[in-house]
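Asker: 3D, please:
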Amino acid sequence: MTIESGTWSVEDTDIIARAVIEAPSVHDAQPWNLLLPAHAAELEERSAFSTFVDPGAFTDPGTDTLRPDRFISCGTAVANLELAIRVLGRNTHTVLFPDPDRPSLIARVESRGASVPTSSDLRLYAAISHRHSHRDAFADIPVPAECLGDIVAAGTRVPGVDIRLLASDEAPALADMLTYSAEIRRRNPHYQRELFSWTSHWQPQGNTEIVTTWSATLDDHGAAGKALITTGIPDTSALADAIDRESVLLFSAESDDPVELVRIGMATERAWLAAVDARLSASVLTHPLRIGDSAQRLAARLGMPVAPQLIMRIGY
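Answerer: Next up is the predicted model:
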């Protein structure tokens, strides 16, 4: 973090930095740097992540398959950054990718005079420290429609982002996509742990083949050690039934341009914080949508004009 003197106090810096650090990110990697120049805050992509290529991806050689998730992750940090500055009693003006000569600069949030933070901003900011990913099945209690409406409204305040509530009769389409993606990943040993990370959301005790040792040679980025993983594929019908018992949101934008992906991240974090404020839990899934044509297949099944970029589960 880089700070210029004369604008931000030590207390201001602490509030801003904590909000950014607690933003969700792909693999908890926090692929950003926070800069605090005079009268502004900037978020830039960390160069160590901007060139990362997924070595086991089922894509063309050299394809950066984590690129969408890095931009979405940076968007969640931008949302928290805006909230932090507003609760400090300042107006904000956010510009995404403001400097063509600095392509790694994701956003600049300018501080523009004093203001009184809204009750909504105060509540969402308070929710930042309570947000966490719920990776198990939710309680079998329906989320009220009014509550879901408030969560969607919080996210769609970010322009250009569409948030779609999955209908009951659309659960089989999502289940089919998840199992389709899982079958592809199942063939690659690099991704057995990733497979568990999304199939366990709905069926933590589902169809599994448990492995208790893990070869460090399968992990290009460090020893994986011992782990409980699954190579099993959940039954599609049972998975659809489990999905139908929960509230699921699909996030999309007009394109997968970096600016649109950052906006999806901003909308995701605002919706997630609104869910936490309503005493709900949530978690997100993106990895299955990055495998082959999975996202396009789901969009075609649901009649969506563009492929979704992120799945959010919400419940008690």
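
Asker: Need the contact partners of stretch 152-163.
Answerer: For stretch 152-163, the external contacting residues (C-beta atoms under 8 Å, 6 or more residues apart in numbering) are 79, 120, 124, 165, 249-254, 260, 263-264, 266-268, 270-271, 273-274. (Each C-beta comes from the backbone N, C-alpha and C, glycine too.)

Asker: what mean pLDDT would you report for that stretch?
Answerer: On average, the pLDDT along stretch 152-163 is 97.

Asker: just how off-centre is that stretch within its chain?
Answerer: Relative to its chain's centre, stretch 152-163 lies at 14 Å (C-alpha atoms, centre = their mean, to the nearest Å).

Asker: Likewise for stretch 290-299?
Answerer: Put simply, stretch 290-299 sits 17 Å off its chain's centre (C-alpha atoms, centre = their mean).

Asker: Ends of it, what's the gap?
Answerer: For stretch 290-299, the first-to-last residue distance is 13 Å (C-alpha to C-alpha, to the nearest Å).

Asker: Would you indicate which residues of that stretch are buried?
Answerer: 290, 291, 294, 295, 297, 298, 299 (16 or more other C-beta atoms under 10 Å).

Asker: residue ranges for the helices of the stretch 101-250 of the chain, please.
Answerer: Assigned by DSSP state H, counting those that start in this stretch, the helices in the stretch 101-250 of the chain fall at 119-128, 145-156, 171-186, 192-202, 236-244.

Asker: Give me the buried stretch members for the first one, please.
Answerer: By neighbour count, and taking 16+ other C-beta under 10 Å as the criterion, the buried residues in helix 119-128 are 120, 121, 123, 124, 125, 127, 128.

Asker: Looking at these, which is nearest residue 177?
Answerer: residue 127 (29.8 Å; C-beta to C-beta).

Asker: measure that closest one to residue 248 for me?
Answerer: 20 Å (C-beta to C-beta, to the nearest Å).
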